[in-house]
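A.B. asks: quick one: sequence plus predicted model below, questions after.
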Amino acid sequence: MKKQAWYVTFEIPWKGTAVRSRRSRSTQTFETEMEAKNFARARFDEGLVVTAGTIIPHLPRRAIASGSILSWLEEGQEQASGDPADDPDEPSGRIK
């Protein structure tokens, strides 16, 4: 069995009319950050409150709060896009 290094926690939508004082959450674990990001993106796109992080003793430790999830999901996408405008070493074609 491989070690799970990342977790994603999300709020479970509650169906009902009564007021609840506490919200239910569910957590899933993943081997890689990319798997965790893919799962978190799907839950985030559903409009759910999502948090994520690394499982101890994985280093470096990370805890991503719900307010920082979008920036975490976007980390690394700049390099993956291949857009030369994002590469400071590439000539942009702009006149300075």
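C.D. replies: Noted; the coordinates are in hand.
A.B. asks: rest of the way, CA atoms for contacts and neighbours
C.D. replies: Fine.
A.B. asks: quick check: closest non-adjacent residue to Glu31.
C.D. replies: Gln4 (4.4 Å; C-alpha to C-alpha, 6 or more residues apart in numbering).
A.B. asks: residues in contact with the one you found?
C.D. replies: Contact analysis of Gln4 by C-alpha atoms under 8 Å, 6 or more residues apart in numbering lists Thr29, Phe30, Glu31, Thr32, Ile55.
A.B. asks: count the neighbours of Val8 for me.
C.D. replies: Using other C-alpha atoms under 10 Å, Val8 has 22 other residues around it.
A.B. asks: what do you get for Met34?
C.D. replies: Met34 has 12 nearby residues by other C-alpha under 10 Å.
A.B. asks: which secondary structure element contains the closest residue to Ser66 other than its chain neighbours?
C.D. replies: Nearest non-adjacent residue to Ser66, counting by C-alpha to C-alpha, 6+ apart: Thr51, 4.8 Å away. Secondary-structure assignment from DSSP states H and E places Thr51 in strand 50-54.
A.B. asks: tally of neighbours for Leu59?
C.D. replies: If we define neighbours as other C-alpha under 10 Å, then Leu59 has 9 of them.
A.B. asks: quick check: phi and psi on it?
C.D. replies: phi -120, psi 150 (degrees, to the nearest 10).
A.B. asks: give me the three-state assignment for Phe10.
C.D. replies: Counting by DSSP: H, G, I helix; E, B strand; the rest coil, the backbone at Phe10 sits in strand.
A.B. asks: heads up, I number from 16, so please use that
C.D. replies: Sure, I'll start counting at 16 from here, so that last one is Phe25.
A.B. asks: who's it bridged to?
C.D. replies: Phe25 has these beta-bridge partners by DSSP bridges: Ser41, Val65.
A.B. asks: so how far is Arg40 from it?
C.D. replies: Distance, Phe25 to Arg40, using C-alpha to C-alpha, to the nearest Å: 5 Å.
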